[in-house]
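Q: Got a sequence here, can you model it:
(one chain, ligands or ions: 1)
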Amino acid sequence: MFDYAEAAVEAALAAGARYADARVMDRRHEAMGARNGEVEELTQEASVGMGVRALIGSGWGFFSTSDLTTASARRAGAQAAAIASASASVSGPALELTPVEARQDTWANDVREDPLSVPLAEKGDLLSNVTRTMKEHGADVALAGYDAWDTTKWFASSEGHRIGQHIVECGAQMNATVNGERETQRRSYPGIRGQYGTRGWELVRELDLPGNAARIAEEARQLLSAPECPSRDVTDLIIGSEQMALQIHESVGHAVELDRILGWEAAFAGTSWLDLGRIGSLRFGSDLMNVTADATLPGALGSFGYDDEGTPAHPVDIVRDGIWVGVLSGRDSAALAGLRSSGGAVRADGYNRLPMVRMTNVGLLPGTSSLEEMIAATDDGILMDTNRSWSIDDKRLNFQFGCEIGWEIKNGKRGRMIKNPTYTGIGPRFWGSLDMLGNESEWTFWGTPNCGKGQPGQIGHTGHPSVPCRFRGVRVGVRG
Ligand SMILES: [Zn+2]
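A: Reported below is the predicted structural model:
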């Protein structure tokens, strides 16, 4: 496969490119879904092909092919260069690439149990059994599913990169929906999007879906008769780690994508309130807020050995002691922003998509409190968890989130369950009110397998290390 990648790179150089790279990608995906005790769908798909990038002047060209022969590879390289030449004729900012060591290496994540080798019957039994259990415990609609991806990539560049990677990812989710007279309630496990990682089937076994199926169905039914979340302009809010993962994804992760900050990427609510001139001085949150983008975390969904430009995975500080200090970048965006090196955050969804800036594992570093300590330290507040709805403005600043479940906190104790909890805030003011942060034992690497970005659209796999957090003075229970 490296031979095809190198043939494409050579052809692009021969056609005038000053830089070229090629990525052969072979990806298999399997997904199964069950409903109310029966397996209803099984998807098994495979794609293999090559994407070539060429840079001429300040214009990129991209061309892909699913025909893996030397002749086709050379044609793809020449086509990428021809497109680069055409885009170079349109004036734009001068593009350079930050330097990166040209490594020859291989990388694979740790997998104890290959998810695609676990018998389909066993996986189907798991899903049908947990959905049956949810039905038996009061769910009107019980759904469960898993996804598994097995991806091999071969990357070569005109600078001498030659990198092979094998990445196995999988995860699962389930949810129980109950219908009341006037409303529907739902509980999901382990979160609205499930839980996914760069791990084998051991991840799904550790989730213990069977051990949680009855509980979530019963909680969904209890929610029907639970009181509404109170409406308060100011309260103490404790947020569980699953909802925190989405809070980080939407209000930090997307906001620090350098292509958005530079105005390159305006699709999917795609600019940012952050101004590069204030990096290093802007206060994003309280002193407790430390966020990194770290693609080296074992098992997290945004982990890899090298990004799709051959930049080695490495941790990047995004927020340190509450101050905004870093961005998610690639070689060209980093150079344009005056950064010394790429953040290694460029990936593509498939061989036939142009790599772009993507979250790796963007998450909070843990603090020193436990969830129980936060509850004990709260006289009057609300605890919420498991995302249900979200909205955030184009600049990633004003947001409103709804959660599946909440509890009143009174005098340091968890009180009544409440339904339809929501909270709202403005990025830096909200993060500035963070005053208690979960400790390392509660640090969870949540995975989001469905982050949409770009035109044509690409689906990204991102990770979000997260802990429960307490925020002071938050507006909750906003209706409508
Ligand atoms: Zn996203």
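
Q: now the strands: where do they sit in the stretch 151-300 of the chain?
A: Using DSSP state E, counting those that start in this stretch, the strands assigned to the stretch 151-300 of the chain run over residues 162-179, 184-189, 195-197, 232-239, 291-294.

Q: Show me what the last one is packed up against.
A: Where contact means 3 or more C-beta pairs under 8 Å, 6 or more residues apart in numbering; DSSP states H and E, strand 291-294 is packed against strand 315-320, strand 362-364. Where you see a C-beta, it was placed from the backbone N, CA and C, and this is true even at glycine.

Q: The same query, at a cut-off of 10 Å, please.
A: Under the contact criterion of 3 or more C-beta pairs under 10 Å, 6 or more residues apart in numbering; DSSP states H and E, strand 291-294 touches strand 315-320, strand 362-364, strand 458-466.

Q: circling back to that earlier point, redo the strands of the stretch 151-300 of the chain as TSV? Include distance to Val256, mean pLDDT and mean neighbour count.
A: Compiled in TSV, the strands of the stretch 151-300 of the chain are given as follows (distance: least, C-beta to C-beta, whole Å; pLDDT from 0 to 100; neighbours: other C-beta atoms under 10 Å):
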stretch	distance to Val256	mean pLDDT	mean neighbour count
strand 162-179	23	98	22
strand 184-189	27	98	22
strand 195-197	22	98	27
strand 232-239	20	97	20
strand 291-294	8	98	24
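
Q: want to throw those strands into CSV with distance to Asn36?
A: Converted to CSV, these look like this (distance: least, C-beta to C-beta, whole Å):
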stretch, distance to Asn36
strand 162-179, 10
strand 184-189, 14
strand 195-197, 22
strand 232-239, 32
strand 291-294, 40
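
Q: of the ones you listed, which approaches Lys413 most closely?
A: Closest of the strands of the stretch 151-300 of the chain to Lys413 is strand 232-239, at 12.5 Å (criterion: C-beta to C-beta).

Q: Which one of the helices and strands packed on strand 291-294 lies nearest to Thr177?
A: strand 458-466 (24.5 Å).

Q: if you go through the stretch 201-350 of the chain in chain order, where are the helices?
A: If you assign secondary structure with DSSP state H, counting those that start in this stretch, the helices in the stretch 201-350 of the chain sit at 202-207, 209-225, 241-248, 258-261, 331-336.

Q: for the ones you listed, which one sits closest to Thr235?
A: Checked against C-beta to C-beta, the stretch from those lying closest is helix 241-248, at 15.8 Å.

Q: Give the rounded mean pLDDT of the closest one.
A: Throughout helix 241-248, pLDDT has a mean value of 98.

Q: For that helix, what is the distance to the chain centroid?
A: Remark: helix 241-248 is offset 11 Å from the chain centroid, using C-alpha atoms, centre = their mean, to the nearest Å.

Q: Sketch out the low-pLDDT regions of the stretch 301-450 of the chain for me.
A: Per-residue confidence of the stretch 301-450 of the chain (counting by pLDDT under 70) places no residue in a weak region.

Q: how about the strands in it?
A: Taking DSSP E, counting those that start in this stretch to define them, one finds strands in the stretch 301-450 of the chain at 315-320, 323-324, 346-347, 356-357, 362-364, 380-392, 398-410, 413-418, 422-426, 434-437, 444-453.

Q: tell me the contacts of the closest residue in space to Phe284 that isn't next to it in sequence?
A: Leaving aside its sequence neighbours, Phe284 sits nearest to Trp324 (C-beta to C-beta, 6 or more residues apart in numbering; 4.4 Å). Under the criterion of C-beta atoms under 10 Å, 6 or more residues apart in numbering, the contact partners of Trp324 comprise 252, 255-256, 274-275, 278-285, 289, 291, 317-318, 428.

Q: Within its local environment, how many residues does the closest residue to Val325 other than its chain neighbours see?
A: The shortest distance from Val325 to any residue that is not its chain neighbour, by C-beta to C-beta, 6+ apart, is 5.1 Å, and that residue is Asp317. When neighbours are counted by other C-beta atoms under 10 Å, Asp317 registers 15.
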